[in-house]
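Colleague: A structural model of the following input is requested.
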Amino acid sequence: MDNIGLGVQLMIVGMSTVFLILLIVIWGGKLLINVVNKVAPEEVVPAKGTKAPEAVDGSTMAVLQQVVSQITGGKGHVASAKRI
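Modeller: Got it, this is the predicted structure:
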């Protein structure tokens, strides 16, 4: 019976130690995240310009029309095309 009491005592001490160490790790991680966010905040990406896309020239449009016509068997057509 004496060995069971010692085993339970060791189990409680071991589990308490693991619990405290895990709490320290969690608090340390949260602290590290807060410090890093204050020291080096996330970079803000500037919005891209709202420049209008350029229209394609006549020869490119003709090639696109021929390709679409060939692929669709003459049933499809290109209404407009813009450069991205």
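Colleague: CA only for contacts and neighbour counts going forward, please
Modeller: Will do.
Colleague: could you give me the average pLDDT of the longest helix seen in the chain?
Modeller: Ranked by residue count under DSSP state H, the longest helix found in the chain is helix 2-39. When the per-residue pLDDT values of helix 2-39 are averaged, the result is 96.
Colleague: Kindly report the same for stretch 54-61.
Modeller: Mean pLDDT, stretch 54-61: 84.
Colleague: Grab the CA positions of that stretch and hand them over as CSV.
Modeller: This file holds the C-alpha atoms of stretch 54-61, laid out as CSV (Å, rounded to 0.1, in the frame of the first residue of the first chain):
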residue,chain,number,x,y,z
GLU,A,54,-5.4,48.7,-73.0
ALA,A,55,-7.3,47.4,-76.0
VAL,A,56,-5.5,44.9,-78.3
ASP,A,57,-4.6,46.0,-81.8
GLY,A,58,-6.4,45.0,-85.0
SER,A,59,-4.0,42.2,-86.0
THR,A,60,-4.1,40.5,-82.6
MET,A,61,-7.9,40.8,-82.6
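Colleague: what comes into contact with that stretch?
Modeller: Taking C-alpha atoms under 8 Å, 6 or more residues apart in numbering as the criterion, the residues outside stretch 54-61 that touch it are 81-84.
Colleague: Please produce a markdown table containing those, extended by neighbour count.
Modeller: Putting these into a markdown table (neighbours: other C-alpha atoms under 10 Å) gives the following:
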| residue | neighbour count |
| --- | --- |
| Ala81 | 14 |
| Lys82 | 11 |
| Arg83 | 9 |
| Ile84 | 7 |
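Colleague: In three-state terms, label the most centrally placed residue in the chain for me.
Modeller: Most central in the chain under C-alpha atoms, centre = their mean is Glu42, positioned 13.5 Å from the mean C-alpha point. For Glu42, the reduced secondary structure class is coil; criterion used: DSSP: H, G, I helix; E, B strand; the rest coil.
Colleague: what's it in contact with, if anything?
Modeller: If you count contacts by C-alpha under 8 Å, 6+ apart, then Glu42 has nothing around it.
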